[in-house]
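**Q** Here's my sequence, what's the structure:
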Amino acid sequence: MAATNLEASAKIDQRIYAEQVSLLYTKSVTRPLLHIISLIIVVSLIHNHVDAVHVYVWATYLFGVSLYRIIDINKTQKIINETTDFRVIQKRFAICAGVLGTIYGIGIVSFLGYLPLLKQVYLLMLISVIMPSGFVSFVSDRLSFNMFVYPLVIPPIVWLFSQGQDEHLYMGVCGVVYLLVIKKSFKWNNETLTNTIRLKLENQELLESLQLVNERLTELSIIDELTQIQNRRSFDYTIEKEWLRAKRLKTSISMLMIDIDFFKQYNDKFGHIKGDECLYSIAYCLQNNINRPTDFVGRYGGEEFCIIMPDTDINGAIKLAKEVRAAVKELKILNPGSAVSEFITISIGVASAVPTTQDTHMDLLYILVIRLYIRQKMRVEMLFDHWQLWRIMVNHN
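**A** Numbers count the residues shown, from 1 in each chain. Predicted structure coming up:
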């Protein structure tokens with residue numbers, strides 16, 4: 001039991017990991033554009049103070065990485081649902097984040113010394129704006145967040161403390177506090193997101209389990225437990241549905257009502273366990289002898305079975321009746337209590353109709369019951385083929 005729980009937990013963890021990596025790409029499609037905007041802002045701040053070659057080399061690297069990320073995110077997003085190894089794309093994303101953070105960190109440190117204090121503050125404020133962008137983009141993955149934030153923030157903080165001036169020291173302290181707050185906030189949001197994903201996946205699994213249980217309960221509600229074919233409830237639903245369909249399309253519908261001859265004597269002789277085995281064998285035989293997947297075989301009750309055949313006329317019904325009657329004889333189940341055979345036999349009532357507006361499916365059942373009763377009483381094969389004649393007889397009675 002413990003091993004099963006561990007396996008289920010590991011499976012959930014793998015799915016959480018896949019969701020987290022997927023979010024890196026589905027939630028970050030436009031984020032790289034913000035870095036291009038940041039690039040423009042930085043260049044506008046420093047172009048009068050820093051050597052042009054230095055500025056444009058840095059800008060080229062930042063623009064190139066941002067452009068690569070845009071292409072990679074859009075490309076990966078198209079194949080994310082087909083991905084089986086999420087570690088590869090997570091590492092690629094994290095490496096890009098690390099390179100981006102490093103370019104920012106090294107560039108800003110190299111620029112700060114050339115700038116007046118006010119513009120240094122502006123540049124450091126830009127970092128405080130860029131970090132929330134990383135916060136949003138990488139909230140589902142700690143590795144990507146750390147690889148972006150630390151190379152971006154730590155070099156400027158170290159530079160500030162190394163200047164030995166009070167204003168830089170104060171800004172350095174503020175930078176450390178800001179980093180700790182951002183780190184704590186990220187951890188809380190990351191854990192919240194992870195728990196949300198876990199809850200969603202567990203709910204999905206619970207829903208799938210409930211659906212399976214409901215399907216099983218539905219199946220049990222229409223399957224006869226003993227014979228494993230459709231039960232009376234399923235028969236009632238099917239005959240009404242097929243009757244209405246035949247009425248609408250003006251096509252034939254046929255049905256066989258089957259009863260096991262002298263089954264009480266068989267039960268008395270061999271007991272109910274053998275009787276149940278006999279019922280199962282005959283049900284299996286009937287199921288295996290229907291011609292089409294649209295034909296219905298069910299247990300009507302006790303030792304009675306029925307077969308519904310949509311789009312089948314009386315000739316087709318009689319043909320199938322003869323086939324299943326012969327197939328049951330071939331089972332050669334001994335029945336010493338039978339008055340007509342040494343083996344189990346069946347009696348079959350056959351009826352067919354093209355339903356009219358006045359007719360109901362109960363008319364077909366009445367005819368079948370009458371024919372089956374006559375068949376059992378006379379112990380001869382009586383298969384009638386005149387629907388209208390028998391409908392009149394039923395109405396008169």
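**Q** I'd assumed Leu320 was in contact with Ile307.
**A** Yes. With contact defined as C-beta atoms under 8 Å, Ile307 and Leu320 form a contacting pair (6.9 Å). For the C-beta atoms, the positions are set from N, CA and C on the backbone; glycine is no exception.
**Q** Now do the shared contacts for those two.
**A** 256, 290 (C-beta atoms under 8 Å, 6 or more residues apart in numbering).
**Q** Which residue ranges of the chain form strands?
**A** All strands of the chain, identified by DSSP state E, fall at 253-260, 296-301, 304-310, 346-353.
**Q** Can you add mean pLDDT and give the ones you listed back as CSV?
**A** CSV is the format used below for the strands of the chain (pLDDT from 0 to 100):
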stretch, mean pLDDT
strand 253-260, 90
strand 296-301, 92
strand 304-310, 93
strand 346-353, 86
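**Q** Format these as TSV; extra columns: distance to Ser110 and mean neighbour count.
**A** Formatted as TSV, the strands of the chain follow (distance: least, C-beta to C-beta, whole Å; neighbours: other C-beta atoms under 10 Å):
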stretch	distance to Ser110	mean neighbour count
strand 253-260	88	25
strand 296-301	82	21
strand 304-310	83	23
strand 346-353	93	24
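**Q** Using JSON lines, please lay out these together with distance to Ile103.
**A** Formatted as JSON lines, those follow (distance: least, C-beta to C-beta, whole Å):
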{"stretch": "strand 253-260", "distance to Ile103": "77"}
{"stretch": "strand 296-301", "distance to Ile103": "71"}
{"stretch": "strand 304-310", "distance to Ile103": "72"}
{"stretch": "strand 346-353", "distance to Ile103": "83"}
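**Q** Do I have it right that Asn189 meets Asp141?
**A** No. Judged on C-beta under 8 Å, Asn189 makes no contact with Asp141 at a distance of 11.8 Å.
**Q** Tell me where the model's unsure across this protein.
**A** For the chain, applying pLDDT under 70 flags the ranges 1-6, 8, 27-30, 133-135, 219-220, 367-397.
**Q** Show me the residue at the heart of it, geometrically.
**A** Glu208 (7.0 Å; C-alpha atoms, centre = their mean).
**Q** how much space is there between that residue and Leu199?
**A** 15 Å (C-beta to C-beta, to the nearest Å).
**Q** If you count neighbours, what's buried in stretch 142-150?
**A** Of the residues in stretch 142-150, 142, 144-150 count as buried by neighbour count, 16 or more other C-beta atoms under 10 Å.
**Q** now stretch 324-336
**A** 324-325, 328, 333, 335.
**Q** Looking at these, which one is closest to Lys250?
**A** Of all the buried residues of stretch 324-336, Lys250 sits closest to Val324, with 27.4 Å by C-beta to C-beta.
**Q** who are the neighbours in contact with that closest one?
**A** Val324 sits next to 256, 258, 285-286, 289, 307, 346, 348 when contact means C-beta under 8 Å, 6+ apart.
**Q** please redo it, this time with the cut-off set to 10 Å
**A** By C-beta atoms under 10 Å, 6 or more residues apart in numbering, the contact set of Val324 is 256, 258, 282, 285-286, 288-290, 297, 305, 307, 346, 348.
**Q** do Cys285 as well
**A** If you count contacts by C-beta under 10 Å, 6+ apart, then Cys285 has 297, 305, 324, 327-328, 330-331, 333, 346 around it.
**Q** Quick check: buried residues in stretch 194-213?
**A** Residues of stretch 194-213 classed as buried by neighbour count (16+ other C-beta under 10 Å): 194, 197, 201.
**Q** Quick check, the last one in contact with Glu19.
**A** Spelled out, it's Leu201. Yes. Shown here, Leu201 and Glu19 form a contact pair, counting by C-beta atoms under 10 Å, at 7.3 Å.
**Q** Who has more neighbours out of Asn189 and Asp141?
**A** Between Asn189 and Asp141, Asp141 has the larger neighbour count (other C-beta atoms under 10 Å), namely 21 against 15.
**Q** For the more buried one, give its distance to Lys119.
**A** 34 Å.
**Q** which residues are contacting stretch 260-274?
**A** Stretch 260-274 is contacted by residues 275-279, 282, 302-305, 328, 333-341, 343-347, 375-376, 379 when judged by C-beta under 10 Å, 6+ apart.
**Q** Convert that stretch to CSV, retaining C-alpha atoms only.
**A** What follows is stretch 260-274, C-alpha atoms only, in CSV (Å, rounded to 0.1, in the frame of the first residue of the first chain):
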residue,chain,number,x,y,z
ILE,A,260,-35.2,-22.6,-21.9
ASP,A,261,-37.4,-25.8,-22.1
PHE,A,262,-37.9,-27.7,-18.8
PHE,A,263,-35.4,-25.5,-17.0
LYS,A,264,-37.2,-26.1,-13.6
GLN,A,265,-36.6,-29.8,-14.0
TYR,A,266,-32.9,-29.1,-14.8
ASN,A,267,-32.6,-27.0,-11.6
ASP,A,268,-34.3,-29.7,-9.5
LYS,A,269,-32.1,-32.4,-10.9
PHE,A,270,-28.7,-30.6,-10.7
GLY,A,271,-29.2,-27.7,-8.3
HIS,A,272,-29.1,-24.0,-8.7
ILE,A,273,-25.3,-23.8,-9.2
LYS,A,274,-25.4,-25.9,-12.3
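**Q** Alright, that wraps it up for me.
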